[in-house]
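# Below is the sequence, then the predicted model.
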2 protein chains.
Amino acid sequence: MQGIKAIEWANDRVRLLDQTRLPHQEVYLELDDHLQMAAAIREMRLRGAPLIGIAAAYGMALAARHIQASNMQVFLAQLRPITEALASTRPTAVNLSWALERMTLVAEAAADPQVAQEALVAEALRIHQENAEANRRLSQHGAQLIPAGSAVLTHCNTGSLATGGSGTALGVIRAAWEQGKLSRVYHSETRPLLQGARLTAWELARDGIPATLIADDAAGFLMRRRDAIACVIVGADRIAANGDVANKIGTYTLAVLASEHAIPFYVAAPTSTIDLNTTSGDQIPIEERSAEELTAFADVAVAPAGTEALNPAFDVTPHRYVSAIITERGVVRDPYAKSLPQLFQQEGVRHA
Amino acid sequence: MQGIKAIEWANDRVRLLDQTRLPHQEVYLELDDHLQMAAAIREMRLRGAPLIGIAAAYGMALAARHIQASNMQVFLAQLRPITEALASTRPTAVNLSWALERMTLVAEAAADPQVAQEALVAEALRIHQENAEANRRLSQHGAQLIPAGSAVLTHCNTGSLATGGSGTALGVIRAAWEQGKLSRVYHSETRPLLQGARLTAWELARDGIPATLIADDAAGFLMRRRDAIACVIVGADRIAANGDVANKIGTYTLAVLASEHAIPFYVAAPTSTIDLNTTSGDQIPIEERSAEELTAFADVAVAPAGTEALNPAFDVTPHRYVSAIITERGVVRDPYAKSLPQLFQQEGVRHA
């Protein structure tokens, strides 16, 4: 995935690949303030928990540049509604509030508004850079779990279009491919917004990794085929302290199917996706989106007018279905209530 | 569903509702021969195992009217390739070969070609009528399994658009609704051809039954909600002698999820869908359809050009997941290897 940057800070603006136009058009948006960024997040022109975090940080950096303030008190007062506007764009991915908290701490530590403005840009770039590095590390850890010559199944998009680097689950898949271990990737189309069919297919094709698209409801069929896949590997939008995983709708179904077929089910995510303040998955807010995502497609009505729909964007997979969580600091397993906090004790992290 | 006839014999032709145009256009096709019928089945202008059986029977009746034969030997020789052409349209639903066998026996018993032509029309009408009656009966049996005040989840379309009457799973749902037992129907959109979003939504709206559409991959989310649904109820394309059930892709996934949540999983089908000659689900041929059904959506390209896809139209649910099979002759449970054959011993059936 050389050369593709889902998001980039350039000339004091943000250059953003509009993912709603992929795979058919590569359209880049130039964003100048946090309102444009909040709209882009809400409209899912970018998506993926780590990328949302990076985007929110850049959104604060953009907004800070427009603040006219004579002292830090005024600066921080003006920064607060900006942070809140970005925080309210989407509820489930914890990387969003994680990044905003990091940015806020940096602003609060600044001596004056001009220093703060520069520090916020630097911190956003650092969050982006750290995520790329986290991807590299977790991908190497994860690739060790993939047996040689195997096919894997993944869901949604967790690659360069969802992160600041090579990806989480898709980063692991890329590393396994580079190591010559991978025979094929099966990827679900991921209704309703088809991130698998549109985005993952696009990334895998660019990398020349053999890939097969399936309907979400064909995952059971695939797993019943003996030895069809060696493992399921997905990303995460928020991981609770007990190891429960919120991720794209359909993840829980895949976890149950994997369990039923004794297929390992792996979750790959940077530690910024782990939320030790959330005790269990029951506390994770699940975004419900509009019925139109199901009743129409590409502006073509599918269902009859007036059809009601339930459209949760995420689901929660209880930790007992999760074989391992792959992070940049290593691979942890159940009991997650113990192993997840240990990840943060190993190194001093401002997140912990 | 008063007034909607998915298929009808009228003026020595077949009038067929083109289901590929639903729910937005009600277009009826007039068919005059078996080649048109074979094309209609293959192009899925009609679908649903019982309706495919009825359509194949009408296809033979149409074709027979065009045969010029001076004796039965010539007539039957001309009938054979017609039967084969219809039999080869789709592989999974056993109702197709079941209906063609019934029609062939009727032709073979006829004294002369003219008698055969009339007898074939009469037999096709009888198959249609019997299916409508089977729907009525199995719907009453099935409704007894639905607890009062409950919501159910169904998959694909199993209503008037899939049968010769009120439907199988949807027939049960209609009967439960008429009895005041049903609070709501959740129905999956059923990728790739969206029979749930297009057809089931249309039928339920016409009947005024409260309904909620979900993405296929939201079924796990729904079942994890405590008491959200009382049971899952689906149709079948072929039921093997051991109770294994071939049905629309995604059914197996729903069965595994239902099992995981201790939710009853019911299959509703006429006895013509039971194939005692097929020992287990492993022997059921599973149709694989074109990648384009997944790589495009509503004629809009979705995935990048060249995306490979695996697109099985059906899957097999092992009998251990099936809580009960609902037929017009009653409800049977495991051990199906015993209970299914008994259905055919109760009454003399030409099928057994």
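Ah, there it is. Quick caveat, the model's predicted, so the values are computed rather than measured.
# the strands in the stretch 101-250 of chain A, which residues?
For the stretch 101-250 of chain A, the strands defined by DSSP state E, counting those that start in this stretch cover A:150-154, A:182-188, A:211-214, A:231-234, A:238-240, A:245-248.
# contact partners of the first one?
Surrounding strand A:150-154, the residues in contact under the criterion C-beta atoms under 8 Å, 6 or more residues apart in numbering or on different chains are A:146, A:169-170, A:173, A:176, A:181-188, A:196, A:200, A:219, A:222-223, A:228-234, A:254. In this view, the C-beta of every residue, glycine as well, is placed from N, C-alpha and C.
# The longest one too?
Outside of strand A:182-188, the residues that reach it under the criterion C-beta under 8 Å, 6+ apart are A:146, A:149-156, A:173, A:176, A:196, A:200-201, A:204, A:209-216, A:218-219, A:222, A:228-229, A:250, A:254, B:217, B:310.
# Pull up the pairing partners for that strand, direction included.
strand A:150-154 (parallel), strand A:211-214 (parallel) (DSSP bridges).
# Quick one: name whatever helix or strand follows it.
helix A:195 (DSSP states H and E).
# Against which helices or strands is that next one packed?
Here helix A:195 touches no other helix or strand, going by 3 or more C-beta pairs under 8 Å, 6 or more residues apart in numbering or on different chains; DSSP states H and E.
# Just give me how far that helix sits from the chain centre.
Its chain's average C-alpha position is 12 Å from that of helix A:195, according to C-alpha atoms, centre = their mean, to the nearest Å.
# Which of the helices or strands spans A:D334?
Per DSSP H and E, A:D334 falls between elements, in no helix or strand.
# ok, of the contacts of strand A:150-154, which come out buried?
Neighbour counting by 16 or more other C-beta atoms under 10 Å in any protein chain shown classes A:146, A:169-170, A:173, A:176, A:181-182, A:184-188, A:196, A:200, A:219, A:222-223, A:228-234, A:254 among the contacts of strand A:150-154 as buried.
# about what we covered before: for the strands of the stretch 101-250 of chain A, which one sits closest to A:L340?
With C-beta to C-beta as the measure, strand A:238-240 is the member of those nearest A:L340 (7.2 Å).
# picking that back up, make CSV from the strands paired with strand A:182-188 and add mean neighbour count and mean pLDDT to it.
Formatted as CSV, these follow (neighbours: other C-beta atoms under 10 Å in any protein chain shown; pLDDT from 0 to 100):
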stretch, mean neighbour count, mean pLDDT
strand A:150-154, 24, 97
strand A:211-214, 23, 98
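# how about those strands in TSV, adding distance to B:D18?
Supplementary listing: the strands paired with strand A:182-188 in TSV, determined by distance: least, C-beta to C-beta, whole Å:
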stretch	distance to B:D18
strand A:150-154	36
strand A:211-214	28
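# Determine which of the ones you listed approaches B:L35 most closely.
Ranked by C-beta to C-beta, the member of the strands paired with strand A:182-188 that lies closest to B:L35 is strand A:211-214, at 33.0 Å.
# can you list the residues that contact the closest one?
Against strand A:211-214 from outside (C-beta under 8 Å, 6+ apart): A:184-189, A:196-197, A:200-201, A:204-205, A:222, B:291, B:294-295, B:303, B:307-311.
# Now that strand - C-alpha only, PDB.
Taking Å, rounded to 0.1, in the frame of the first residue of the first chain, the C-alpha atoms of strand A:211-214 are listed here in PDB:
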ATOM      1  CA  ALA A 211      -8.600 -12.300  -2.300                       C
ATOM      2  CA  THR A 212     -12.200 -13.600  -2.400                       C
ATOM      3  CA  LEU A 213     -15.200 -11.600  -1.600                       C
ATOM      4  CA  ILE A 214     -18.200 -13.200   0.200                       C
END
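# Could you give the separation of it from the chain centroid?
Per C-alpha atoms, centre = their mean, the displacement of strand A:211-214 from the mean C-alpha position of its chain is 21 Å.
# thinking again about what came up before, among the strands of the stretch 101-250 of chain A, which is nearest B:L29?
Across the strands of the stretch 101-250 of chain A, closest to B:L29 is strand A:211-214 (C-beta to C-beta), at 31.7 Å.
# which outside residues touch the one helix or strand A:Q36 maps to?
According to DSSP H and E, A:Q36 maps onto helix A:34-42. Surrounding helix A:34-42, the residues in contact under the criterion C-beta under 8 Å, 6+ apart are A:14, A:16, A:29, A:31, A:46-47, A:52, A:55-56, A:58-60, A:62-63, A:82, A:85-86, A:88-90, A:96.
# do that again at 7 Å, thanks
Residues outside helix A:34-42 that contact it (C-beta atoms under 7 Å, 6 or more residues apart in numbering or on different chains): A:14, A:16, A:29, A:31, A:46, A:52, A:55, A:58-60, A:62-63, A:82, A:85-86, A:89-90.
# among the residues you listed, which are in helices?
Among the contacts of helix A:34-42, the members falling in helices (DSSP state H) are A:52, A:55, A:58-60, A:62-63, A:82, A:85-86.
# Go ahead and build a ChimeraX selection from the buried members of these.
The ChimeraX command for the buried members of the ones in helices among the contacts of helix A:34-42 (criterion: 16+ other C-beta under 10 Å) is given here:
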select /A:52,55,58,59,60,62,63,82,86
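# returning to that earlier point: between the strands of the stretch 101-250 of chain A, which gets nearest to B:L343?
Taking C-beta to C-beta, strand A:211-214 is the member of the strands of the stretch 101-250 of chain A nearest to B:L343, at 35.1 Å.
# Show me what from the stretch 151-300 of chain A comes close to chain B.
Listed as neighbours of chain B in the stretch 151-300 of chain A under the rule C-beta under 7 Å from any C-beta of the partner chain: A:189, A:191-192, A:194, A:197-198, A:201-202, A:205, A:211-221, A:224, A:249-250, A:252-253, A:256-257, A:260, A:294-295, A:297-298, A:300.
# So which of the residues you listed sit within helices?
Per DSSP H, helices hold the following members of these: A:201-202, A:205, A:219-221, A:224, A:252-253, A:256-257, A:260, A:294-295.
# Restricted to buried residues, select the residues you listed in ChimeraX.
Of these, the buried ones go into a single ChimeraX selection, burial set by 16+ other C-beta under 10 Å:
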select /A:201,202,205,219,220,221,224,252,253,256,257,260,294,295
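# Quick check, the residue in the stretch 1-150 of chain A closest to chain B?
Nearest residue of the stretch 1-150 of chain A to chain B: A:P23, at 4.3 Å (C-beta to the nearest C-beta).
# Contacts only, for A:H261.
The neighbourhood of A:H261, defined by C-beta under 7 Å, 6+ apart, consists of A:M223.
# Can you check the pLDDT for it?
At A:H261, the model reports a pLDDT of 98.
# Same check on A:V300?
What the model reports as pLDDT for A:V300 is 85.
# Bridged to it, which residues?
A:F297.
# and the gap between it and B:H34?
The spacing between A:V300 and B:H34, counted by C-beta to C-beta, to the nearest Å, is 33 Å.
# Below-threshold pLDDT in chain A: ranges please.
Applying pLDDT under 70 to chain A flags the ranges A:1-3, A:346-352.
# Relative to its centre, which residue of chain A is most distant?
Largest separation from the mean C-alpha position in chain A: A:S70, at 37.2 Å (C-alpha atoms, centre = their mean).
# Apart from its chain neighbours, what residue comes closest to that residue?
Excluding the flanking residues, the one nearest A:S70 by C-beta to C-beta, 6 or more residues apart in numbering or on different chains is A:P113, at 7.5 Å.
# check contacts around that neighbour.
A:67, A:69, A:72, A:75.
# how close does it sit to A:A107?
9 Å.
# Then A:A309?
Taking C-beta to C-beta, one finds A:A309 at 41 Å from A:A107.
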